[in-house]
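Engineer: Next one to model:
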Amino acid sequence: MTASRYRCRVKSTHSALYKHFIKGLRAQREAMGVSQVQLASRLGGGQSFISKIERGERRLDVGEFVTVAQAIGAEPVQLFGKLFHSFSTGPAQSKKRLQLRNRPKPGNDNQDR
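Structural biologist: This next block holds a predicted model:
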């Protein structure tokens, strides 16, 4: 079995979870009284970079999330936990599941050997 064949990938380009995280990150930025321009300045970039993130045109990886959270004055782990908890316990999310691709079918794990 090759590891790459059964790699679990989440359809996350525009997933409900990712949108929730970005919406929460923006709300946290606003709650901390930090404008897009101020945040961009703290990160050494332009305001359009922050705008693209908040509109979902530019994705954040984990390291960037940590950097952005710190730049707005939030503790990254606590913010992540808060956002995840609010997503996983929200009434609209109780029936939604992450869509997974390339999952191995039960009983087929010896197929490539």
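Engineer: This structure: strands as residue ranges?
Structural biologist: Taking DSSP state E as the criterion, the chain carries its strands at 9-10, 100-101.
Engineer: Out of the ones you listed, which gets the lowest mean score?
Structural biologist: The stretch with the lowest mean pLDDT among the strands of the chain is strand 100-101, which comes in at a mean of 45.
Engineer: Any regions of this protein where pLDDT drops low?
Structural biologist: Low-confidence segments of the chain, defined by pLDDT under 70, are located at 1-13, 90-113.
Engineer: Quick check: longest helix in it by residues?
Structural biologist: With DSSP state H applied, the helix covering the greatest number of residues in the chain is identified as helix 16-31.
Engineer: pull the CA atoms of that helix into CSV?
Structural biologist: What follows is helix 16-31 as a C-alpha-only set of coordinates in CSV (Å, rounded to 0.1, in the frame of the first residue of the first chain):
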residue,chain,number,x,y,z
ALA,A,16,-18.2,25.5,5.5
LEU,A,17,-15.5,24.9,8.1
TYR,A,18,-12.9,27.1,6.3
LYS,A,19,-15.5,29.8,5.7
HIS,A,20,-16.4,29.7,9.4
PHE,A,21,-12.7,30.0,10.4
ILE,A,22,-12.2,33.0,8.2
LYS,A,23,-15.4,34.7,9.4
GLY,A,24,-14.3,34.1,13.0
LEU,A,25,-10.8,35.4,12.3
ARG,A,26,-12.2,38.5,10.8
ALA,A,27,-14.6,38.9,13.8
GLN,A,28,-11.7,38.5,16.2
ARG,A,29,-9.7,41.1,14.2
GLU,A,30,-12.5,43.6,14.4
ALA,A,31,-13.1,42.8,18.1
